[in-house]
Every structure is written in C-alpha cells, then in structure tokens.
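> need a structure here:
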Amino acid sequence: MHLGHTHDGPAAVSADARRPDGTRRALRVGLGGPVGSGKTATVAALCRALRAELSLAVVTNDIYTREDAEFLLREAVLPPERISAVETGACPHTAIRDDISANLEAVEDLEDTVGPLDLILVESGGDNLTATFSKGLVDAQIFVIDVAGGDDIPRKGGPGVTTADLLVVNKTDLAPYVGSDLARMSADAREQRAGLPVVFQSLRGGDGVADVAAWVRGRLAAWTA
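Next up is the predicted model:
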C-alpha cells in the first residue's frame, strides 16, 4: 500500500516524512553500484554494526532471483522477517529510479509488519555508473565502487560517483594485487564530488564498515532531529 508518493524531487521526501498515523517513517538509504562492487557485503556489515542500536530492515533488488536476500538470510544479519526481496524483471535501475512501485510496496510492508523502524536499507541490483535512486524512494544514496574495477572509475565520473550522498571505494585490500593507486583514486573522487564525502574501506580488515556506519548514524540523527 503506497502513501501517495510523488516519485521525484526533494519535496517528495519531506512531504512523506510521516506515515498516515502521524508517526515518523524510517530513514531510507539506498545502496547502488556496479556488479561485484560489494554492495551486499556492505549491507551485511552495516546490519551487524547497527542492529544492536537501531530497528532496521533491508530491501534487496535482483533481476530474476532472490540471491542477495538469500545471502543476507544465510549470514543471519537480521531476522528473516526484516529482509524483503524485489525481483525487478528488468535492468535494476528501472525499479529504483523509473518505476519504484515494487520497492515502495516492499518498504511500506516492512514498516507495517515489523515497524516501527529507524532505518531501511534499499540495495539496488548491480548496475553501471549511471544508476541513481529516485528521491521518492530513498532519502540518501550510497554509491559503492571497488578498486578492482580500475582506479580510473572516479575520474570517469557518472551520476553515481559524482552525486551520491556518500561514495564508498571498497576492497582497498586488493589495491596492491590489481595495480590500483588509492591516492590517485582519492584525489580524483574528491575532485569529481565537490566536497561530498568519500569513504575508502576494506571489509576484510582495519575499521571495516565503521566509517559508513558513522555516516548513517549522522544521517539518522539529522532525520530524527
């Protein structure tokens, strides 16, 4: 059941900040990026980092399968009833940008069945550098790329790289093995993004998802203030 959303434009976000009963709805954060960049692993890590302090849920998008949702279920990052899968049946960007009705229904069903929720993570299926979320679906977007895709990706830009609220450069532990220059990627990313934040992360060591989790906490604090 939809809440009378307008699918595009910043006004849609503020207009729909509350549910029909007057309660504030969950903050919705979308995660997009190319195939294999580590979106699902980042979602799993965020769930582990935040589940003790926040009430959260996840919506995944795949073209014809429930593979990403099934990965999260196997990893037991959240109770099964807090993970919902959308099968887009077409290029993933269509369900997060063009016709968002299936994702809106999944988001709203989660709030109805397991709410009240603080946070809902909406993961797009793997797409290219042009994948962006409708402002009628999410309140903030994280775009995930990885060093194995080439250290020229930030320089090439594209809407995901240049306009996402947070850019995550993932799998930094692989840089020595694939010949990626992290300093170059950092400089290119910051030049393309005109002050928008960039996080470099490896989920296999160091602080893992800590910086992204801190960014999500900040967005949630602003959302509830």
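
> And the strands in the chain?
Ranges of strands within the chain are 27-32, 56-62, 83-87, 119-123, 140-146, 166-170, 198-200, based on DSSP state E.

> for this structure, which spans come out with low pLDDT?
By pLDDT under 70, the low-scoring segments of the chain are 1-15, 20, 22, 64.

> Can you identify each of the helices in it by residue range?
All helices of the chain, identified by DSSP state H, fall at 10-15, 39-50, 67-74, 92-93, 101-114, 153-156, 159-163, 175-178, 182-193, 210-224.

> Tally up the residues packed near the closest residue to V199 other than its chain neighbours, please.
Nearest non-adjacent residue to V199, counting by C-beta to C-beta, 6 or more residues apart in numbering: D211, 4.6 Å away. Where C-beta positions appear, they are placed from N, C-alpha and C, glycine not excepted. Counted with other C-beta atoms under 10 Å, the neighbours of D211 add up to 17.

> Please tell me how far T224 sits from V138.
Using C-beta to C-beta, to the nearest Å, T224 is found at 16 Å from V138.

> Settle it for me: which of the two has more neighbours?
V138 (26 against 9).

> The more buried one and E123 touch, don't they?
No. Using C-beta atoms under 8 Å, V138 is not in contact with E123, being 10.6 Å away.

> Now the common contact residues for the two.
Common contact partners of V138 and E123 (C-beta atoms under 8 Å, 6 or more residues apart in numbering): G30.

> just to revisit the earlier point, wait, which of the helices of the chain is closest to T130?
The closest of these to T130 is helix 159-163. By C-beta to C-beta, the value is 5.6 Å.

> tell me the centre residue of this protein?
Central residue of the chain (C-alpha atoms, centre = their mean): L31, 1.8 Å from the mean position.

> Now do the contacts for that residue.
Contact analysis of L31 by C-beta under 8 Å, 6+ apart lists K39, T42, V43, L121, V122, E123, S124, Q141, I142, F143, V144.

> Just the buried residues from the residues you listed, in PyMOL please.
Buried subset of the contacts of L31, written as a PyMOL selection, criterion 16 or more other C-beta atoms under 10 Å:
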select buried, resi 39+42+43+121+122+123+124+141+142+143+144
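
> okay if I get the contacts of L31 as a markdown table plus distance to H93?
Listed next are the contacts of L31 as a markdown table, based on distance: C-beta to C-beta, whole Å:
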| residue | distance to H93 |
| --- | --- |
| K39 | 13 |
| T42 | 19 |
| V43 | 18 |
| L121 | 17 |
| V122 | 13 |
| E123 | 13 |
| S124 | 7 |
| Q141 | 12 |
| I142 | 15 |
| F143 | 12 |
| V144 | 15 |
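
> any idea which of the contacts of L31 is the one closest to G218?
Checking these against G218 with C-beta to C-beta, the nearest one is I142 at 12.7 Å.

> Quick check: beta-bridge partners of the closest one?
Using DSSP bridges, the bridge partners assigned to I142 are L31, L166.
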